[in-house]
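In: Pasted the sequence and its predicted model underneath.
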There are 2 protein chains.
Amino acid sequence: MSLTKFDGLELPASADFHVHLRDGNMMKAVVPTVRQGGVNTVYVMPNLVPPLTSASDALAYKQRLREEDPNINYLMTLYLHEKITPAVVKGAKVQGVVGIKSYPAGVTTNSSSGVLDYEVFYPVFRAMEQCGMVLNLHGECPSDHGKNITILNAESSFLPTLKSLHAQFPKLKIVLEHCTTREAVEAVNECGPNVVGTITAHHLYLVVDDWADDPFCYCKPVAKWPSDREALIKAAVSGTGKFFFGSDSAPHPITAKKGGRGKTAAGVFTQPYCTQLVLGAFEQAIERKVITEDEVTEEILTGFLGGYGRKFYGITDSSNEKIVLWKGDEVIQESFTGEGVEVVPFRRGQSTWSVSWK
Amino acid sequence: MSLTKFDGLELPASADFHVHLRDGNMMKAVVPTVRQGGVNTVYVMPNLVPPLTSASDALAYKQRLREEDPNINYLMTLYLHEKITPAVVKGAKVQGVVGIKSYPAGVTTNSSSGVLDYEVFYPVFRAMEQCGMVLNLHGECPSDHGKNITILNAESSFLPTLKSLHAQFPKLKIVLEHCTTREAVEAVNECGPNVVGTITAHHLYLVVDDWADDPFCYCKPVAKWPSDREALIKAAVSGTGKFFFGSDSAPHPITAKKGGRGKTAAGVFTQPYCTQLVLGAFEQAIERKVITEDEVTEEILTGFLGGYGRKFYGITDSSNEKIVLWKGDEVIQESFTGEGVEVVPFRRGQSTWSVSWK
């Protein structure tokens, strides 16, 4: 195998800077899988129903998460919403909330409360800039067929908004979440050091052909062209610190993915195999000759899987926990089940790297 | 409603120049729906398992179809395959086979026996040109991610092959089946009168956003951009005779569309509502201001729904049957069931024009 040089390698525990841990029974099924993926630090998305719009809601949710697994560092966020005022921002910062996530209205799971107009939030962004709260952007424009905007160019259509926000608030730390296009990589690179991007594991594997006939590969933003995937791979190993890992692992019950007559829920579940899948994606990219084995150094791997993100967010891992990578004969589980829920993971039934805790 | 001028209009029975009627139980479920769609003439695809590669196979299949409904004119085709020789072509022509369908290997349902290299069939194409057999092209290149070819540009990548075949065999009648892009419309228009295109009902409605999360809107070629859909609408009402209706109605059991853990089968089932759906698509396009009500004349409608295609194929409808269009309160059925199969139609549960036989 291409990256056998990493077999047995000891690394700092990974950090996943974009997770959906849900609530209730799904939370109980999903939280136990975080550490299976070699991860001890998670940046928790606020799109519960109703969304998390106050520090007290976020902290209560954190407490529920800690009851499932206390050995994870949960970094909490709020949902950008008309209830979020400059005063709410400053109060939340004092209470330890790290960032605020902006969802455009209607583009993904539980985003019906999302943003229609960014300018109305300029006072909020100013307060965030002043107190050091991070803005996490789901960077897609809603489809508008009269303007020929679909899910395929929703992200590239959003990039002028990213650049405008960065120009208006140059000291505001902004994360363009789950980048899926070459244009997004270029836009993040063109912005200053306060703008970074996260990249998922599944977007390092997928193109449009993969999700067209497989609901377990369907997510928002959708995977796009092979040339986009290769741009993401190159960004992930660029070593600039501008791009780091955020899985956007988004569990849905199997019945919401493939069952009944309703719409297919958007989301790919990667949580139990986060670190493992990133290694596998780099191996496949080496086999496709997109990158060379030499480009995937231990420093790059460590940076992408946590170092760059921790530095951007100013977070240290006081636990100093280590994981060990190894290449055995592990196969990805067919499904994960909790109390009344079944979730099918990405690349079910396929071989994978393994991770153990030191 | 926009096309109320057609309420009560009497038209010649429609012809559907691209149908998948399957075999066995599915055939028994689907054939009875042909006339429900206002259609009495169908151009029957040969992609059974195994594919129809001899006139005797095609005629035996025609007999099975006639046993289900004798009041339909079944126009039979063969599957382009190494078994098809110039002698087979000439013999099939004599026995009444109308055309030969070319599937690129692996791009759609039952296409695993399809074409990898068109040049090896040049002697076959020459024989077809000489005896007046029509070539029906599934115009897609197989995905090739190293060349950035996916299901999104599979059709536009095929167009040079169409032009090359037309240049090599200018007297060969060629149909580019189920056109889905503006580029395909332009390519057909650029070729001489022996090259035409069919357009489905569902591609007059759909864009990529529609099938992304709805397996009942997923087919090959996939629906693409809004700008492509509008180009198809304009081609359908162009009145040049270069584009006519072929539904590509492709029934699959509901379990193959949404159930289990396998891949989603490609195909949209429109057979029972062929004529009705075309009317509805034109109405929606008028509402979107893509075309005006005045552009959809009775002559255009009659031509697209059968006249242009019958002329191209040199077929007359000796039955002289008539249908009547009317706008009532009909709603598309949730599913069609036969002996052990259930098929979900396109736009299930939505309102539709109605058709009755005079």
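Out: Right, received. Where do you want to start?
In: What residues are bridge-paired with the closest residue to residue A:80 other than its chain neighbours?
Out: Nearest residue to residue A:80, sequence neighbours excluded (CB to CB, 6 or more residues apart in numbering or on different chains): residue A:102, at 4.2 Å. (Each C-beta comes from the backbone N, C-alpha and C, glycine too.) Beta-bridge pairing for residue A:102 (DSSP bridges): residue A:137.
In: Residue A:102 touches residue A:117, doesn't it?
Out: No - in this structure residue A:102 lies outside contact range of residue A:117 using CB atoms under 8 Å: 11.4 Å.
In: Can you get me a residue count around the residue nearest to residue A:80?
Out: Number of residues near residue A:102 (other CB atoms under 10 Å in any protein chain shown) recorded here: 25.
In: How about residue A:35?
Out: For residue A:35, the count of nearby residues is 21 (other CB under 10 Å).
In: if I pick it, what's in contact with it?
Out: Neighbouring residues of residue A:35 by CB atoms under 8 Å, 6 or more residues apart in numbering or on different chains: A:69, A:71, A:72, A:357.
In: for the stretch 251-358 of chain A, what spans make up the strands?
Out: Assigned by DSSP state E, counting those that start in this stretch, the strands in the stretch 251-358 of chain A fall at A:322-326, A:336-337, A:342-343, A:354-357.
In: Among those strands, show me which one is buried the most.
Out: With neighbours defined as mean count of other CB atoms under 10 Å in any protein chain shown, the strands of the stretch 251-358 of chain A peak in mean count at strand A:342-343, which reaches a mean of 21.
In: counting contacts, what elements does that one pack onto?
Out: Applying 3 or more CB pairs under 8 Å, 6 or more residues apart in numbering or on different chains; DSSP states H and E, one finds that strand A:342-343 contacts helix A:24-30, strand A:336-337.
In: can you put these in CSV and add mean pLDDT and distance to residue A:283?
Out: Shown next, in CSV, are the helices and strands packed on strand A:342-343 (pLDDT from 0 to 100; distance: least, CB to CB, whole Å):
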stretch, mean pLDDT, distance to residue A:283
helix A:24-30, 96, 26
strand A:336-337, 94, 24
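In: of all those, which lies closest to residue A:113?
Out: Among these, the nearest to residue A:113 by CB to CB is helix A:24-30 (18.9 Å).
In: I'd like the next helix or strand past the closest one.
Out: Next helix or strand after helix A:24-30 toward the C-terminus (DSSP states H and E): strand A:39-44.
In: Residue numbers of the stretch 251-358 of chain A in contact with chain B?
Out: A:258, A:259, A:260, A:261, A:263, A:264, A:265, A:266, A:288, A:334, A:344, A:348 (CB under 8 Å from any CB of the partner chain).
In: and the nearest residue to residue A:321 once chain neighbours are set aside, what does it touch?
Out: Computed as CB to CB, 6+ apart, the closest residue to residue A:321 that is not its neighbour in sequence is residue A:13, at 4.3 Å. Counting by CB under 8 Å, 6+ apart, residue A:13 makes contact with A:38, A:39, A:40, A:41, A:306, A:317, A:319, A:321, A:322, A:323, A:357.
In: got it, and residue A:222?
Out: A:151, A:152, A:180, A:208, A:211, B:212.
In: So the last one sits against residue A:152, correct?
Out: Translated: residue B:212. No - with contact defined as CB under 8 Å, residue B:212 does not reach residue A:152; the gap is 9.3 Å.
In: thought residue A:211 was touching residue A:220?
Out: No - if you go by CB under 8 Å, residue A:211 and residue A:220 don't touch, sitting 10.4 Å apart.
In: ok, so what distance separates the closest residue to residue A:31 other than its chain neighbours from chain B?
Out: The shortest distance from residue A:31 to any non-neighbouring residue, by CB to CB, 6+ apart, is to residue A:68 (3.8 Å). Plainly put, residue A:68 is 27 Å away from chain B if you go by CB to the nearest CB, to the nearest Å.
In: Near residue A:68, how many other residues are there?
Out: 15.
In: low-confidence ranges in chain A?
Out: Chain A contains residues with pLDDT under 70 at A:1, A:260-261.
In: Can you report phi and psi for the residue of it positioned farthest from its centre?
Out: Distance from the C-alpha centroid of chain A peaks at residue A:146, with 30.4 Å (CA atoms, centre = their mean). The phi and psi values for residue A:146, taken as degrees, to the nearest 10, are phi -60, psi -30.
In: Tell me which stretches of the stretch 51-200 of chain A form helices.
Out: With DSSP state H, counting those that start in this stretch, the ranges of helices along the stretch 51-200 of chain A come out as A:55-68, A:86-94, A:122-131, A:154-168, A:182-190.
In: could you redo those as JSON lines and give each row distance to residue B:53?
Out: Converted to JSON lines, the helices of the stretch 51-200 of chain A look like this (distance: least, CB to CB, whole Å):
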{"stretch": "helix A:55-68", "distance to residue B:53": "60"}
{"stretch": "helix A:86-94", "distance to residue B:53": "69"}
{"stretch": "helix A:122-131", "distance to residue B:53": "66"}
{"stretch": "helix A:154-168", "distance to residue B:53": "44"}
{"stretch": "helix A:182-190", "distance to residue B:53": "44"}
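In: follow-up on the earlier one: pull out the buried members of the residues of the stretch 251-358 of chain A next to chain B.
Out: Among those, the ones that count as buried by 16 or more other CB atoms under 10 Å in any protein chain shown are A:258, A:264, A:265, A:266, A:344.
In: what's near enough to touch the residue of the stretch 51-200 of chain A found nearest chain B?
Out: Residue nearest to chain B within the stretch 51-200 of chain A: residue A:145 (4.0 Å; CB to the nearest CB). Residues near residue A:145 by CB under 8 Å, 6+ apart: B:207, B:209, B:226, B:288.
In: Residue A:297 now?
Out: Taking CB under 8 Å, 6+ apart, we find residue A:297 in contact with residue A:239.
In: Residue A:144: neighbour count?
Out: By the criterion of other CB under 10 Å, residue A:144 has 12 neighbours.
In: and what of residue A:289?
Out: Residues near residue A:289, counting by other CB under 10 Å: 9.
In: Looking at the helices and strands packed on strand A:342-343, which one is packed in the most?
Out: Among the helices and strands packed on strand A:342-343, helix A:24-30 has the highest mean neighbour count (mean count of other CB under 10 Å), at a mean of 19.
In: Check which helices and strands that one is in contact with.
Out: When contacts are defined as 3+ CB pairs under 8 Å, 6+ apart, helix A:24-30 sits against helix A:55-68, strand A:336-337, strand A:342-343.
In: buried sites along the first one?
Out: I take that to be helix A:55-68. The neighbour-count check on helix A:55-68 (16+ other CB under 10 Å) flags A:55, A:57, A:58, A:61, A:62, A:65 as buried.
In: can you put the residues you listed in a markdown table and add distance to residue B:274?
Out: Supplementary listing: those in a markdown table, determined by distance: CB to CB, whole Å:
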| residue | distance to residue B:274 |
| --- | --- |
| A:55 | 58 |
| A:57 | 53 |
| A:58 | 54 |
| A:61 | 52 |
| A:62 | 56 |
| A:65 | 54 |
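In: For those, work out which two are farthest apart.
Out: A:55 and A:65 (15.2 Å).
In: Okay, helices next: where are they in the stretch 251-358 of chain A?
Out: A:254-257, A:274-287, A:298-302, A:308-313.
In: What angle do strand A:322-326 and the second one make with each other?
Out: Just to be clear, that refers to helix A:274-287. Here helix A:274-287 runs at an angle of 40 degrees relative to strand A:322-326 (axes from the mean of the first three to the mean of the last three CA atoms, to 10 degrees).
In: Point out the residues in the stretch 51-200 of chain A that sit beside chain B.
Out: Neighbours of chain B within the stretch 51-200 of chain A, by CB under 8 Å from any CB: A:143, A:145, A:146, A:148, A:150, A:151, A:152.
In: Show the backbone phi and psi for the fourth one.
Out: Read it as residue A:148. For residue A:148, the backbone dihedrals (degrees, to the nearest 10) come out as phi 60, psi 30.
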